[in-house]
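[1] need a 3D model of the following:
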Amino acid sequence: MGETLASGSAVVATLGMHLDVDMADWWEADTVFFDLIRDRGVLLRIVAEVAGETVAAANAAEKTNVLKRIVRDHLDGAEGRRKVERWVPRWLGFPASAYTDRGGNDAVGARDPAESAQAPEPDPDTAAAPLQQAA
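    As a prediction, the model looks like this:
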């Protein structure tokens, strides 16, 4: 059934939040993930998230392959880098979030309807009547 749900939809976002899904239990970065990242701004934010702001700033002028290697080394704990475990990109979290404010990420766009679907409705049977509070 899970394969039939539309990734990035409000339904998936709502289910993920309701079930308290931690994607780190199910996903980890692989070679394909790094091959698909083409946005330099997003990649620099991922470097900052995984390796720290200082490392990201020091390597801001580097080519994308170097930035990807920095992230990979941190995720693997290779080349003397501090190992970062259970990292997932922001757009795979519940609720999803973005690295930039440019938009274009369906999962982030589905977050608002999913969050409002999570808001509990007040129970009319337990709500105090206006005059009852004054008594």
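
[2] could you list the low-pLDDT ranges of the chain?
    Applying pLDDT under 70 to the chain flags the ranges 1-8, 103-135.

[3] quick one: residues contacting R90.
    E49, A96, S97, A98, Y99 (CB atoms under 8 Å, 6 or more residues apart in numbering). All C-beta spots, glycine's among them, are computed from the backbone N, C-alpha and C.

[4] which of these count as buried?
    With neighbours counted by 16 or more other CB atoms under 10 Å, the contacts of R90 contain buried members at E49, A96, A98, Y99.

[5] kindly reformat those as TSV containing secondary structure and distance to V66.
    Formatted as TSV, the buried ones among the contacts of R90 follow (DSSP: H, G, I helix; E, B strand; the rest coil; distance: CB to CB, whole Å):
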residue	secondary structure	distance to V66
E49	helix	17
A96	coil	27
A98	coil	24
Y99	coil	18
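
[6] now, which of those residues sits nearest H74?
    E49 (9.7 Å; CB to CB).

[7] residues near V12, how many?
    For V12, the tally of surrounding residues (other CB atoms under 10 Å) stands at 20.

[8] swap in V55?
    V55 has 17 nearby residues by other CB under 10 Å.

[9] quickly find the element holding it.
    helix 53-58 (DSSP states H and E).

[10] what does that helix rub up against?
    Residues contacting helix 53-58 (CB under 8 Å, 6+ apart): L44, R45, V47, A48, I70.

[11] from the buried ones among the contacts of R90, which two are the most distant?
    E49 and A96 (14.5 Å).

[12] who touches D20 in this structure?
    The contact partners of D20, taken as CB under 8 Å, 6+ apart, are F94.

[13] measure it to V12 for me?
    14 Å (CB to CB, to the nearest Å).

[14] now tabulate the contacts of helix 53-58 in JSON lines and tack on secondary structure.
    Converted to JSON lines, these look like this (DSSP: H, G, I helix; E, B strand; the rest coil):
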{"residue": "L44", "secondary structure": "helix"}
{"residue": "R45", "secondary structure": "helix"}
{"residue": "V47", "secondary structure": "helix"}
{"residue": "A48", "secondary structure": "helix"}
{"residue": "I70", "secondary structure": "helix"}
